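S.K.: got a structure for you, letters missing:
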Ligand SMILES: Nc1ncnc2c1ncn2[C@@H]1O[C@H](COP(=O)(O)OP(=O)(O)O)[C@@H](O)[C@H]1O
Ligand SMILES: [Mg+2]
């Protein structure tokens, strides 16, 4: 765990809020909006043209945006595990926690508080070999983040352009659920991001996931494939049960293949497991804590598939 005191965080936030951004009007460092949650603007996101980020170090990185229809299906858990799995293989990996209202990457990767700044860049803290940037490192305590779309857009832009990511091989973007402002911003900022769509086997999750995937008809991003999480649970006696039903991942893949007019595959089925949940809470992804377990193996296979 990287420990940073509340005072250090507050000082850093203050410093950022008073520093002009490289991007005019950008949120975190801009003058219009302070870093403190609650800043909001009435203007619609479409009023502010968002250009793809071009002045950053990530030109050669493969970018994956982890998306879903519903919340709680395991996007963040899978992001943390995929990132840690690829870092273990020796790749240079970053994670942008784009779930600004509901950030969970600091907890799941075991990073607390802020990193330092160096030569004008934000230094992303590293955990399990993964560089991570999250709004969680700018907030103190448990206050709610209440931001409207344009402010979120600026914050994401700044996380991407002002973080010293180094020359990453892979960047994962952990999205909030659905097709809201953040998903639109990321699609504009990172048009090259390939979408990994997470669902559970349950019909209600699958239907919403397919709708979220269909957003790419408008954003023109590539759906790299579907990940079915919580696919099954193996009891100690070897019996396999399916608490969330079966078939959701396949259904999303079939629906999107039709809708998008290109083959969209089910890439992985990750089991429900106590170890996965414990790993999320402890900040040690299961691919690190128990690399030979079934969920870890499923994630490792998926990770290899993504970079092969
Ligand atoms: N395969 C799994 N087995 C057990 N628990 C899981 C699994 N995947 C996710 N979880 C747990 O489910 C909850 C929701 O997962 P999370 O990754 O936060 O979802 P999302 O980011 O889609 O909202 C978390 O508490 C997480 O630890
Ligand atoms: Mg999440």
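M.R.: The structure has been received and is ready for your questions. Quick caveat, the model's predicted, so the values are computed rather than measured. Numbering: from 1, shown residues only. Ligands and ions are numbered 1, 2, ... in the order given.
S.K.: continuing past the lowest-mean-pLDDT helix or strand in the chain, what's the next helix or strand?
M.R.: For the chain, counting by mean pLDDT, DSSP states H and E, helix 6-17 ranks last in confidence among helices and strands (a mean of 54). For helix 6-17, the succeeding helix or strand toward the C-terminus, using DSSP states H and E, is strand 62-68.
S.K.: check whether that following strand contacts ligand 2.
M.R.: No - applying C-beta under 5 Å from the ion, one finds strand 62-68 separated from ligand 2 by no less than 8.4 Å. All C-beta atoms are positioned from the backbone trio N, CA, C, and that covers glycine.
S.K.: Which strands or helices does that strand pack on?
M.R.: Secondary structure elements in contact with strand 62-68, counted by 3 or more C-beta pairs under 8 Å, 6 or more residues apart in numbering; DSSP states H and E, are helix 75-88, strand 170-174, helix 181-189, strand 194-199, helix 203-214, helix 294-307.
S.K.: pLDDT averaged over the last one - what is it?
M.R.: The average of the pLDDT scores along helix 294-307 is 98.
S.K.: and the spatially most central residue of the chain, what are its bridge partners?
M.R.: With the centre of the chain defined as its mean C-alpha position, the nearest residue by C-alpha atoms, centre = their mean is residue 174, 0.8 Å away. Beta-bridge pairing for residue 174 (DSSP bridges): residue 66, residue 97.
S.K.: who's in contact with it?
M.R.: The contact partners of residue 174, taken as C-beta atoms under 8 Å, 6 or more residues apart in numbering, are 66, 75, 76, 79, 95, 96, 97, 98, 99, 104, 105.
S.K.: per-residue pLDDT, it?
M.R.: 98.
S.K.: Residue ranges in the protein under the pLDDT threshold?
M.R.: When residues are selected by pLDDT under 70, those of the chain lie in 1-49, 54-58, 113-115, 141.
S.K.: What parts of it come near ligand 1?
M.R.: Counting by C-beta under 6 Å from any ligand atom, the residues of the chain close to ligand 1 are 68, 71-77, 104, 229-230, 270, 272-273, 276-277, 280, 295.
S.K.: one more time with 5 Å
M.R.: 71, 72, 73, 74, 75, 76, 77, 272, 273, 276, 277, 280 (C-beta under 5 Å from any ligand atom).
S.K.: Tell me the one of the residues you listed nearest residue 253?
M.R.: Distance to residue 253, by C-beta to C-beta, is smallest for residue 73 among the residues of the chain next to ligand 1, at 15.2 Å.
S.K.: Please report how far that closest one lies from ligand 2.
M.R.: For residue 73, the distance to ligand 2 equals 9 Å [C-beta to the ion, to the nearest Å].
S.K.: mind starting the numbering at 20 from now?
M.R.: In the new numbering, first residue 20, that becomes residue 92.
S.K.: So that residue: helix, strand or coil?
M.R.: Here residue 92 is recorded as coil under DSSP: H, G, I helix; E, B strand; the rest coil.
S.K.: List the buried residues of stretch 139-148.
M.R.: Within stretch 139-148, the residues that qualify as buried by neighbour count (16 or more other C-beta atoms under 10 Å) are 141, 142, 143, 144, 145, 146, 147, 148.
S.K.: Between which two of the residues of the chain next to ligand 1 is the distance greatest?
M.R.: Considering C-beta to C-beta, no two members of the residues of the chain next to ligand 1 lie farther apart than 90 and 292, which are separated by 19.8 Å.
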